[in-house]
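Asker: Need coordinates for the below:
(one chain, ligands or ions: 1)
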Amino acid sequence: MNIQFFALMQTVSEGSIRLKAPKTDKISKEMGVFYNPVMSLNRDISVLLLNSTNKNKLQIADPLAATGVRSIRMLKELSKNKIQKIYINDFDKKSVELIKQNLRLNKIQHKGNPKISISNKDASLFLLGSSGFDYIDIDPFGTPNQFLDAACRRIARDGILAVTATDTSALCGTFPNACLRKYWALPKKGTIMHETGLRILIRKIQLIGAQYGKALTPIFSYSKEHYMRVFLRNEKGKSRVDEILKLHQMFNGAGPMWAGRLWDAELAGKMHSSASKNKIFKNNRELAKLLKIIKEESKINSLGFHDLHNISEKLKISSIQKKESAIGQIRKSGHKASETHFKGEGIRSGIPAEKLAKLLQKQLKNK
Ligand SMILES: C[S@@+](CC[C@H](N)C(=O)[O-])C[C@H]1O[C@@H](n2cnc3c(N)ncnc32)[C@H](O)[C@@H]1O
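Answerer: Coordinates of the predicted model:
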């Protein structure tokens, strides 16, 4: 055991668990094992999503487990029959030691426990050496690219593949060539770059899945701070794959990207109500706000969104209308409308841009 490594530890709380994690000032890839408190919301959403699906007895894989925080939270916070077995893996030896320590800290017996398997392998080899999983969580530092092939191959029929990407500078267009190389699509910086970046990521995952006859349909996705996250359900069948591929297109000078739905509206609704009832999540305002907005925007099937600042600039309107009032106007005109979690001034709606501009102008004249 590395005494020096374990001497620099802190104990933190997250969700319902406690955790030993290395003390750090700044999170970086070079640190090896790390705990990032900013990603607690990412883990909250994983727990909520799995609790909101009606599937039980899941074979779960956490191939890039670091401190084990995600798996331990699943063991403690998923409802009783959710987990058949959870596989916790990391290629870093120190990480595996820490995972065991953290399981003990949370009074979870891992030795001889048929529900838990811990391994110390390369994530892709770990996945390929298995017979498949109902839930795989790819949560790396940077791009998920190197793990996508094995994850797509080992996701079971009707299983859920969760993917995080933290290389948003490539996906959102700061480094277009990096995006072309890594995601086979052209990004574009601008108002809707987080949505287009997320859609570019989704298409890349779908293309890898398509090779293996797997139709990966997003059921929940979002972009936040420095990362993007998507959960995709695997449906098998060549015709479903063909349907997915038909929904890849260019948009707003970027792409190709996934142009279909980003959410399953019923699931988004369940996650929101489950968060408001559960004592672990109830007081988490950031999570509640995100889920509430996504619940509303999931009801609207639109590619991209309108930005009030942009429209006002184009129309040379100096006093920008309040978002809530603009949403009300759009609804009155017969179109669905909601906020979008992608941008504060954004409005998700199927209303054409010209019609929205006219509506805003008319409203100003009537003032
Ligand atoms: C961003 S951290 C994971 C965070 C974790 N999922 C969580 O929720 O806290 C990335 C982890 O992946 C591990 N890792 C990186 N490349 C790997 C590989 N090829 N195989 C297995 N583990 C790997 C690192 O050791 C590190 O612990």
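
Asker: Pick out the residue nearest the middle of this protein.
Answerer: Centre of the chain computed as the mean C-alpha position; nearest residue by C-alpha atoms, centre = their mean is residue 229, 2.0 Å away.

Asker: pretty sure that residue contacts residue 168?
Answerer: No - taking contacts as C-beta atoms under 8 Å, residue 229 lies outside contact range of residue 168: 11.1 Å. (C-beta placed from N, C-alpha, C; glycine too.)

Asker: Need the residues touching each of the two.
Answerer: Shared contacts of residue 229 and residue 168 (C-beta atoms under 8 Å, 6 or more residues apart in numbering): residue 223.

Asker: List the buried residues of stretch 324-338.
Answerer: Applying a neighbour-count criterion of 16 or more other C-beta atoms under 10 Å, one finds 326, 327, 329, 330, 335, 336, 337, 338 buried in stretch 324-338.

Asker: Okay, and which of the residues you listed map to helices?
Answerer: Residues of the buried residues of stretch 324-338 located in helices (DSSP state H): 326, 327, 329, 330.

Asker: The protein: strands as residue ranges?
Answerer: 9-14, 17-22, 58-62, 83-89, 116-119, 133-138, 155-165, 214-224, 227-236, 248-251, 254-258, 306-307, 337-340, 343-349 (DSSP state E).

Asker: quick one: the shortest one to chain centroid distance?
Answerer: Taking the mean of its C-alpha atoms, strand 306-307 sits 23 Å from the chain's own mean (C-alpha atoms, centre = their mean, to the nearest Å).

Asker: Who are the packing partners of that strand?
Answerer: strand 343-349 (3 or more C-beta pairs under 8 Å, 6 or more residues apart in numbering; DSSP states H and E).

Asker: which of the residues in the strand it packs on are buried?
Answerer: 343, 345, 346, 347, 348, 349.

Asker: Contacts for that strand next, please.
Answerer: Residues from elsewhere that reach strand 343-349 (C-beta under 8 Å, 6+ apart): 191-192, 194, 297, 300, 302, 305-309, 320, 323, 326-327, 330, 335-340, 356.

Asker: Quick check: which ranges of the stretch 101-250 of the chain have low pLDDT?
Answerer: For the stretch 101-250 of the chain, applying pLDDT under 70 flags no range at all.

Asker: What residues does it have near the ligand?
Answerer: 122, 123, 139, 140, 141 (C-beta under 6 Å from any ligand atom).

Asker: Filter these down to the ones in helices?
Answerer: Those of those lying in helices (DSSP H): residue 123.

Asker: can I get the residues of the stretch 101-250 of the chain next to the ligand in CSV with neighbour count?
Answerer: CSV is the format used below for these (neighbours: other C-beta atoms under 10 Å):
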residue, neighbour count
122, 16
123, 23
139, 24
140, 19
141, 18
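
Asker: Where do the domain boundaries of the chain fall?
Answerer: When the chain is parsed with automatic domain parsing, its domains come out as 3-270, 271-365.

Asker: and the ones you listed, which is most packed in?
Answerer: Sort the domains of the chain by mean neighbour count, taking mean count of other C-beta atoms under 10 Å, and domain 3-270 sits at the top with a mean of 19.

Asker: By residue count, which helix of this protein is the longest?
Answerer: helix 193-211.

Asker: report the angle between the axes of that helix and strand 214-224?
Answerer: Angle of helix 193-211 versus strand 214-224, following axes from the mean of the first three to the mean of the last three C-alpha atoms, to 10 degrees, is 160 degrees.

Asker: okay, the angle between helix 193-211 and strand 155-165?
Answerer: If you take the same axes, to 10 degrees, helix 193-211 sits at 150 degrees to strand 155-165.

Asker: what angle sits between helix 193-211 and strand 343-349?
Answerer: Orientation check (the same axes, to 10 degrees): helix 193-211 against strand 343-349 gives 60 degrees.

Asker: what's the angle from helix 193-211 to strand 227-236?
Answerer: Angle between the axes of helix 193-211 and strand 227-236 is 30 degrees (criterion: the same axes, to 10 degrees).

Asker: Any idea how far helix 193-211 is from the middle of the chain?
Answerer: How far helix 193-211 lies from its chain's middle: 12 Å, per C-alpha atoms, centre = their mean.

Asker: what does stretch 133-142 give?
Answerer: Relative to the centre of its chain, stretch 133-142 is centred 10 Å away, using C-alpha atoms, centre = their mean.

Asker: now the end-to-end length of that stretch.
Answerer: End-to-end span of stretch 133-142 (C-alpha to C-alpha, to the nearest Å): 23 Å.

Asker: who does residue 138 bridge with?
Answerer: According to DSSP bridges, the partner residues bridging residue 138 are residue 163.

Asker: Could you list the low-pLDDT ranges of the stretch 251-367 of the chain?
Answerer: Looking at the stretch 251-367 of the chain by pLDDT under 70, you get 318-320, 364-367.

Asker: For the ligand, what is the nearest residue in it?
Answerer: In the stretch 251-367 of the chain, the residue that lies nearest the ligand is residue 287 (15.7 Å; C-beta to the nearest ligand atom).

Asker: if I read this right, that residue contacts residue 44, doesn't it?
Answerer: Yes - using C-beta under 8 Å, residue 287 is in contact with residue 44, at 5.4 Å.

Asker: Now list whatever residues contact both of the two.
Answerer: Joint contacts of residue 287 and residue 44 (C-beta under 8 Å, 6+ apart) are 275, 281.

Asker: Roughly how far does residue 229 sit from residue 358?
Answerer: For residue 229, the distance to residue 358 (C-beta to C-beta, to the nearest Å) stands at 36 Å.

Asker: With adjacent residues omitted, what lies nearest to residue 105?
Answerer: residue 18 (5.7 Å; C-beta to C-beta, 6 or more residues apart in numbering).

Asker: list the contacts for the one you found?
Answerer: Neighbours of residue 18 in contact, by C-beta under 8 Å, 6+ apart: 11, 12, 105, 106.
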